[in-house]
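Asker: Attaching a predicted model along with its sequence, questions to come.
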Amino acid sequence: MVLEAVSDHDNKVAAKITTQDCLTAYIVNVLNRCLGSSIHMITNAASYRHSDAPFVHPDVAGNLIYIVRSEVMPPYSKGVGTIATVIRKSIIEWRQAVFISNWMSAASYLMHAAALEGKQHFFLPQPDVLAVNSNLS
């Protein structure tokens with residue numbers, strides 16, 4: 001039902017909107033109605049295994065993921081269809097090989113520099129961010 005409603009919203013992206021996008025959008029919509037503050041950003045753990053980035057090899061084991069950010073600022077944070085569309089557009093944009101290469105290069109550099117300094121990464125939860133860890137993203 002939600003997928004059908006979204007298809008009228010943005011025809012270019014609607015064919016690619018997934019059940020996961022709609023479920024996440026629904027959860028954000030409910031939380032935004034019930035919480036004292038709104039969710040303004042969604043982070044999805046997304047796979048880049050099937051991208052055409054030059055460093056991705058299908059026969060290499062491992063969890064090839066990166067974090068995709070979707071900004072859901074008002075007034076977009078109200079409608080399930082709009083939120084699902086924002087999520088899918090972000091994932092489509094962030095799946096471009098050039099973007100993945102740049103993102104992974106910067107992340108690798110920063111993580112390597114932190115390791116050399118004896119530091120580690122800690123992903124501190126934020127009240128206006130919904131983190132989604134799904135293999136469907």
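Answerer: Received it, and whenever you're ready, just let me know what you need. Quantities reported herein were computed from a predicted structural model and do not represent experimental measurements.
Asker: who touches residue 72 in this structure?
Answerer: 28, 39, 40, 41, 42, 83, 86, 87 (Cβ atoms under 8 Å, 6 or more residues apart in numbering). Placement of C-beta: from N, CA and C, glycine included.
Asker: List the buried residues in stretch 61-74.
Answerer: 64, 66, 67, 68, 70, 72 (16 or more other Cβ atoms under 10 Å).
Asker: quick one: the first one from residue 24, how far?
Answerer: So that's residue 64. 21 Å (Cβ to Cβ, to the nearest Å).
Asker: got the buried residues for stretch 26-42?
Answerer: 27, 28, 29, 32, 38, 39, 40, 42.
Asker: Where do the helices of the chain begin and end?
Answerer: Using DSSP state H, the helices of the chain run over 2-7, 11-14, 19-34, 80-94, 97-116.
Asker: So what sits opposite residue 66 in the bridge?
Answerer: residue 46 (DSSP bridges).
Asker: you'd agree it is up against residue 49?
Answerer: No: Residue 66 lies out of contact with residue 49 (Cβ atoms under 8 Å); the separation is 10.8 Å.
Asker: Show the backbone phi and psi for residue 61.
Answerer: Backbone geometry at residue 61, expressed as degrees, to the nearest 10, gives phi -80, psi 160.
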